[in-house]
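> no sequence on hand, only this structure:
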């Protein structure tokens, strides 16, 4: 009977811990077939440095509480293993640590980069003759993984963005007669406009919305004309701008100039840029908000659909492992839009790694500033349902685990992070 | 039997409509003693231009739904009547409109500026021999009105800020090993640090927080040293910066350079400034969020205490009017901290107008970066309780009223707004 290793990777979400909960509870329910679940302290780094958390030391109640706790309970990291050629040493170290702790299952909970890592670890373990089953557990607010209908983490951000944009639009509508006429909300999503698209869900409530997608090259004149039209018709307008929105030459509306560990530009600050353009061209008073971490951590307004799917992919990952699967990822398959039905499928990692899924053009209106009915049918079920946490003294009750480390068996290993 | 006029003034909140609900429902319950409640379309401007909404045309269900709808249902405005000397014409026009529509009760729902206007209208009506009872209904997220223990609107923003800061802090704690170490959240509050103080409520959950109050002159070196200490001890740190935070010479950390109709500087953008300072001095990777309207519109996470108090001051305003009161404001009186007990009192407008209440120095820690136990005892009850709206298709159900206008009886009146 082998032990398991579980790690959280990249930006965390409101529901990644629900996936952890699914993994650990399912392992506990199969205690005769799977040993201890070790979690990496700060993600894959914990495996390299042999900082392994013994999740067996956590109570059932605390593990259950993960389901309603945002963030990464074991710590995550932005640390991408280089290619096998360039840093075989790190992959070999992983295998050494797995071997030392009798780990036969590798559950990696992350986005596209970690799907790639998971795939490579699976390949290397085979070539080294070490029996390891590597299962990727999908997670990304950006919703840009291929094959799966949606990504756990996205539905809750989409709900946060739709609710926040609705509320702020009611606010600006109240103020528009003498004050603010344009409200700009900046949202995440990197190169994919899925999160920004969620802002379009409030149009059904009669709110004028202009969306700036990363998939559509920014056209300042067309944008200003669109805002002008909406303000003339409604008296006010809400703009949802994706952090990844960019000029035709590829430069982002606002780059902070710094890059993260994966070499991606660190985005942020598009909202004040866009608001300033409106002010300059049309003279309207504006307000802007940049939700940043608030959006992806907002467990208090999580989508119940998202929470259930996040748990389900965690549970299925363990079931797949016990069924002998390797180098796969549980996926969410949509059976029908309305009523919304879904089931869990799976996809080979070879088809998942390094593929980004963008908004299809037919999800974006012809003018490039809104979402189509097809997009609405896609998004609507994903924000469905509420799953409020318990509150104590006015604040949500979120769990902080003990995160007790197991004794190290190997010599120290230096990483550069 | 006289009619009533109700108007919403200044920045709206998550619960100002709950006060409107309290006013209108109480008037309806006293239908034999008070006539129609007319609401000003876009606040006091509606009275000047004779754009009066007949709230009698709204169903009981829609009026009840105001209790859980954020923003100003009748429209608000930033439009300050000048002093009586400078613009007696506007005050006289108000009285003319009130006379034309047989209005004997003036309910003005706003902050310090509108308390002042309400007081002046009351004085002028007396000097003109027109019988009018003017009652101010307190509202401001800034919590800076005097006499009342707290201001309706504040508790919900405080809850939003505490919940958001808690969730984002869990996020940055997950990421800190290799990525973001400092998260900066910018909040509203103008010259008062009440909203920023709410961020301090998460320290009880073991979160390292540094608060920048407008009441404390910004000291860059001391701030950086404080962040450095927290990051060294905890591995990460959350900074809550008030938009009103300023340098010793009075300049705000970030001024957008524009001013609103009251001549106040339009603030916003302190978060990236502060984050940049941390990066420059300590090299830490940062994220920042500017919640702006999201915080004051966030009815979905409103404090139940706040909703109840907002309703209660609206109800009491009508009761005071029916008791013959004039030039007063219902106040919230704290009876005890724990268990929290409160009751409604009242204060003469002469003592309310043009007085701002700041954080007392003993609510701020000696180092200037945190809140004391006394402050915590004050804030804790105000974020207590949840009052989630109903949801449909994943979004809160917020009401949009018919806002039907009554026929005008007077000649048009030009205002400059």
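Structure's in. What do you need? The structure presented is a predicted model; accordingly, all values stated were derived computationally and were not measured.

> how about residue A:201, what does it touch?
Residues counted as contacts of residue A:201 (Cβ atoms under 8 Å, 6 or more residues apart in numbering or on different chains) are A:158, A:162, A:371, A:376, A:379, A:380, A:383, B:394, B:395. Placement of C-beta: from N, CA and C, glycine included.

> do residue A:389 as well
If you count contacts by Cβ under 8 Å, 6+ apart, residue A:389 has them with A:68, A:69, A:299, A:300, A:396, A:397, A:398.

> of these, buried ones?
A:68, A:69, A:299, A:300, A:396, A:398 (16 or more other Cβ atoms under 10 Å in any protein chain shown).

> need the max-distance pair from those.
The most widely separated members of the buried ones among the contacts of residue A:389, counting by Cβ to Cβ, are A:69 and A:300 (11.1 Å).

> same for the helix ranked longest in chain A, what does it pack against?
Scanning chain A for the helix with the most residues, using DSSP state H, yields helix A:154-175. The helices and strands touching helix A:154-175, judged by 3 or more Cβ pairs under 8 Å, 6 or more residues apart in numbering or on different chains; DSSP states H and E, are strand A:182-187, helix A:194-198, strand A:237-242, strand A:286-290, helix A:293-297, helix A:304-322, helix B:293-297, strand B:395-396.

> need those in CSV with mean pLDDT, can you?
Listed next are the helices and strands packed on helix A:154-175 as CSV, based on pLDDT from 0 to 100:
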stretch, mean pLDDT
strand A:182-187, 97
helix A:194-198, 98
strand A:237-242, 98
strand A:286-290, 95
helix A:293-297, 98
helix A:304-322, 98
helix B:293-297, 98
strand B:395-396, 98
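
> residue A:412: which of those is closest?
Residue A:412 sits nearest to helix A:304-322 of all the helices and strands packed on helix A:154-175, at 29.5 Å, using Cβ to Cβ.

> got any ranges where chain A has weak pLDDT?
A:255-268, A:417 (pLDDT under 70).

> please, where are all the helices along it?
Using DSSP H, the helices of chain A run over residues A:16-29, A:44-48, A:60-65, A:88-100, A:112-127, A:154-175, A:194-198, A:220-234, A:270-282, A:293-297, A:304-322, A:349-352, A:373-379.

> which of those helices sits closest to residue B:89?
helix A:154-175 (25.3 Å).

> surely residue A:94 touches residue A:46?
No: the criterion here is Cβ atoms under 8 Å, and residue A:94 misses it with residue A:46 at 10.7 Å.

> gap between residue A:276 and chain B?
In this view, residue A:276 and chain B are 9 Å apart by Cβ to the nearest Cβ, to the nearest Å.

> count of neighbours near that residue?
By other Cβ atoms under 10 Å in any protein chain shown, 14 other residues sit near residue A:276.

> now residue A:283
Residues near residue A:283, counting by other Cβ under 10 Å: 8.

> could you double-check that residue A:349 sits in contact with residue A:328?
Yes: here residue A:349 reaches residue A:328: they are 6.3 Å apart, a contact under Cβ under 8 Å.

> what touches both of those two?
residue A:136.

> want to throw the buried ones among the contacts of residue A:389 into CSV with distance to chain B?
Shown next, in CSV, are the buried ones among the contacts of residue A:389 (distance: Cβ to the nearest Cβ, whole Å):
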residue, distance to chain B
A:68, 12
A:69, 7
A:299, 6
A:300, 6
A:396, 6
A:398, 6
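
> residue A:271: which of the residues you listed is nearest?
Each of those was scored against residue A:271 by Cβ to Cβ, and residue A:300 proved nearest at 22.6 Å.

> so who does the closest one touch?
By Cβ under 8 Å, 6+ apart, the residues touching residue A:300 are A:388, A:389, A:396, B:163, B:167, B:301.

> cool, and residue A:244?
Contacts of residue A:244 by Cβ under 8 Å, 6+ apart are A:189, A:190, A:191, A:192, A:193, A:214, A:252, A:267.

> with distance to chain B and neighbour count as added columns, please give these in CSV.
Shown next, in CSV, are the contacts of residue A:244 (distance: Cβ to the nearest Cβ, whole Å; neighbours: other Cβ atoms under 10 Å in any protein chain shown):
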residue, distance to chain B, neighbour count
A:189, 15, 28
A:190, 14, 21
A:191, 19, 17
A:192, 19, 24
A:193, 19, 31
A:214, 19, 24
A:252, 15, 20
A:267, 11, 25
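
> from residue A:93, how far out is the nearest residue to residue A:224 once chain neighbours are set aside?
The shortest distance from residue A:224 to any non-neighbouring residue, by Cβ to Cβ, 6 or more residues apart in numbering or on different chains, is to residue A:281 (4.5 Å). For residue A:281, the distance to residue A:93 equals 56 Å [Cβ to Cβ, to the nearest Å].

> ok, the two, which is more surrounded?
Neighbours were counted for residue A:281 and for residue A:93 using other Cβ under 10 Å; residue A:93 has more, 19 against 15.

> and the stretch 51-200 of chain A, which residues reach chain B?
Residues of the stretch 51-200 of chain A lying close to chain B (Cβ under 8 Å from any Cβ of the partner chain) are A:69-73, A:75-79, A:159, A:162-164, A:166-168, A:170-180, A:183, A:185.

> which among these count as buried?
Buried among these by 16+ other Cβ under 10 Å: A:69-73, A:75-79, A:159, A:162-164, A:166-168, A:170-180, A:183, A:185.

> what domains does the record give for chain A?
A:3-140+A:302-354+A:388-396, A:154-299 (automatic domain parsing).

> list just the one of those domains that sits closest to residue B:133.
domain A:154-299 (25.9 Å).

> measure the closest one end to end?
Length of domain A:154-299, first residue to last, Cα to Cα, to the nearest Å: 12 Å.

> between the contacts of residue A:244, which is closest to residue A:359?
residue A:193 (4.6 Å).

> so that closest one sits right up against residue A:357, yeah?
No: Residue A:193 is beyond contact range of residue A:357, at 11.1 Å (criterion: Cβ under 8 Å).

> show me the beta-bridge partners of residue A:386.
residue A:303 (DSSP bridges).

> which one is the residue of chain A most remote from its centre nearest to, not counting chain neighbours?
No residue in chain A sits farther from the centre than residue A:178, which is 39.0 Å out by Cα atoms, centre = their mean. For residue A:178, ignoring the flanking residues on the chain, the nearest one in space by Cβ to Cβ, 6+ apart is residue B:77 at 4.3 Å.

> residues touching the one you found, list them.
For residue B:77, the contact set (Cβ under 8 Å, 6+ apart) comprises A:175, A:177, A:178, A:179, B:9, B:10, B:42, B:43, B:44, B:45, B:417.

> before we move on, what about residue A:124?
A:84, A:88, A:91, A:92, A:94, A:95.

> mind running it again at 6 Å?
By Cβ atoms under 6 Å, 6 or more residues apart in numbering or on different chains, the contact set of residue A:124 is residue A:91.
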